[in-house]
Each structure stands twice: as structure tokens, then as C-alpha cells.
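> attaching a predicted model along with its sequence, questions to come.
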Amino acid sequence: MPNLARAGGLFLAGALLTAAVAAGGEVKEFRKTLPLDRDGVLTVDTYKGSITVLATDAAEASIEARIEPDGDDADQAKKVQATEITVRGGGGSVSVETDYSRVRRGGFLGLFSEGTLPLVRYTIRMPSTARLQIDDYKSSIRIAGRKAAVKIDTYKGTVDIADQDGGVEIDTYKGDVSVAYARFAKPASFETYKGEVRLRLPAASGFELDADTGRRGDLETDFELAGARASDDGDRFQGAVGGGGPRLTFRTTKGSLSLKRG
């Protein structure tokens, strides 16, 4: 977690509002807005559901979360109520965390230990120039309009990033990743086991490629790789593409990398 020297406070159940009843259980909603510097950092630690991050010019972070049942076990409604959203910080850094501790402990009476955890669906608005870090298990992640670095660690989650104009670092096990760049001007790093990584770069982009596909991975590209030297076994490509530029690193065992112009 980041240094929260400028932390503002802890916002919990006071911001939680009970919404309409949904099929299979009750839905709960959370809303909070607090200051975030334009060069600050926002971190998200969650398990499953979805994360949508939108860019804003305001020096603040707006966090909305919808907690929904996932499954038909009898205790889903109680699990939704036991799930909490924790927001800390303000100013230089803000952290957002899904807290299932009461669910995993079984709530107040120890009744919720079986079945599935609820889904949490986040919508976050934050400065386009603030850094974003996400630690996730299997959420659907959508991000747009970032001008600063994005770092994501997910296991089975999917990632879709649009209009990216900053560095990217993504590590996934077998989730699919799609990144469309407005400009490729900062280093990028992607590591996956079985997932597909699809990158769309402006046609005139130049970069230093370091791609290791392993024995069972694939590389497809619209870019001319004449400057990128292939290893003897054809599993690794290293060198300048389009005259060179920021480093683009890719590592996989059974996954694939697709580089498209456009």
C-alpha cells in the first residue's frame, strides 16, 4: 500500500446506502468523493466484479460501488450487507479496498462461511494525470483516457484500456488484455501465462521490442520487425521497431501478443 502521510480519514458504512432488492439478494451501494492530487496515485484492491475508471480534470477521486449477490445460496443478501468498501487517504494518495472480512468470518453469527462472495462493481472518476494501480483476482476492468502510468495485477480478470497516453504494466495469469494507445511514449510491460494481449499503436510508433513468447506462445504484428533480431529458436524478438523508442516488453508461456497499427 502507498504511504498515506497525507491521509484524510477512513470512510466506511456511513457512505453506504441500501438500494433496491435484486433477484437473489439485496444490493448495496457506496459513494464517496475526496481530494486527489493531479499527480497523485489511486490504488484499488478487489476480488471480483468490475472496475470502470474514467478521466476527469478535477483534482478529486469519485468512487461509486455497487455490491451485488453472486449465486443463489440462502445467505447472499446477508453477505452483501457484510461486504464493506474501505476508502482511505486524500491528497497525494487514495486507496480503495473491497473488504470481505466479515463475510469470510461468517458475519456476526458465523453463518456465511459457505457459497460464493458477492460481486463489487466500481465506477471511479479520477484525474487523467494521476497514477492508477489495481490488484485484482477476476474482475472485468475498463479504463479510458489516462495520461499517467497504469499498473494492473490480475489473475483471471479481463482488461480493456482505451486512449492510453502513459506507461502500462500488466501481469495476468490467463485474462485477456486489450490496450489502444493514443500515443506510445512510455515503456510498457506485459506478462501472461495463457492470456491474449492485443495492442493497438499509432501507425508511426517506434519502440524497442523485447518479446519472449516461450515454446508455445505466439506473436502477430502489423509492424515490420526487420530491426528486431529473433533468437535461434524463434521464441524471442529483440531490437528496434520503427526506428526505436520506448521499451515494449512481453513475456508469456502459452499466451499471445498481437501488435496492430491504427
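Received, thanks.

> strands of the stretch 101-250 of the chain, residue ranges please.
Under the criterion DSSP state E, counting those that start in this stretch, the stretch 101-250 of the chain contains strands at 119-127, 131-135, 138-144, 150-154, 158-164, 168-172, 177-181, 188-192, 196-201, 207-212, 218-221, 228-230, 236-241, 247-252.

> stretch 127-137: how far from the chain's middle?
Centroid displacement of stretch 127-137 relative to its chain, using C-alpha atoms, centre = their mean, to the nearest Å, is 7 Å.

> can you mark which positions in it are buried?
Using 16 or more other C-beta atoms under 10 Å as the burial criterion, the residues of stretch 127-137 that qualify are 127-134, 136-137. Using the backbone N, CA and C atoms, a C-beta is placed for each residue, glycine as well.

> where is the longest helix in this protein?
Using DSSP state H, we find that the single longest helix of the chain is helix 76-82.

> packing partners of that helix?
Contact here means 3 or more C-beta pairs under 8 Å, 6 or more residues apart in numbering; DSSP states H and E; on that basis helix 76-82 packs against strand 25-45, helix 101-105.

> after that helix, which helix or strand is next?
Using DSSP states H and E, the helix or strand that follows helix 76-82 towards the C-terminus is strand 84-99.

> okay, angle between that following strand and strand 138-144 too, please.
Using axes from the mean of the first three to the mean of the last three C-alpha atoms, to 10 degrees, the direction of strand 84-99 lies 110 degrees away from that of strand 138-144.

> between strand 84-99 and strand 119-127, how big is the angle?
100 degrees.

> strand 84-99: how far from the chain's middle?
15 Å.

> re earlier: format the buried residues of stretch 127-137 as a markdown table; extra columns: distance to A55 and pLDDT.
Formatted as a markdown table, the buried residues of stretch 127-137 follow (distance: C-beta to C-beta, whole Å; pLDDT from 0 to 100):
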| residue | distance to A55 | pLDDT |
| --- | --- | --- |
| P127 | 7 | 98 |
| S128 | 4 | 98 |
| T129 | 9 | 98 |
| A130 | 9 | 98 |
| R131 | 13 | 98 |
| L132 | 10 | 98 |
| Q133 | 16 | 98 |
| I134 | 15 | 98 |
| D136 | 20 | 98 |
| Y137 | 25 | 97 |
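
> those residues: which two are farthest apart?
The most widely separated members of those, counting by C-beta to C-beta, are T129 and Y137 (28.1 Å).

> related to what we said a few turns ago, extract the CA atoms of the longest helix of the chain and return them as CSV.
Output in CSV follows, covering the C-alpha atoms of helix 76-82 (Å, rounded to 0.1, in the frame of the first residue of the first chain):
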residue,chain,number,x,y,z
GLN,A,76,-26.4,-13.9,-0.3
ALA,A,77,-28.4,-11.0,1.0
LYS,A,78,-26.6,-11.1,4.3
LYS,A,79,-23.3,-11.5,2.6
VAL,A,80,-24.0,-8.3,0.6
GLN,A,81,-24.7,-6.4,3.8
ALA,A,82,-21.5,-7.8,5.4
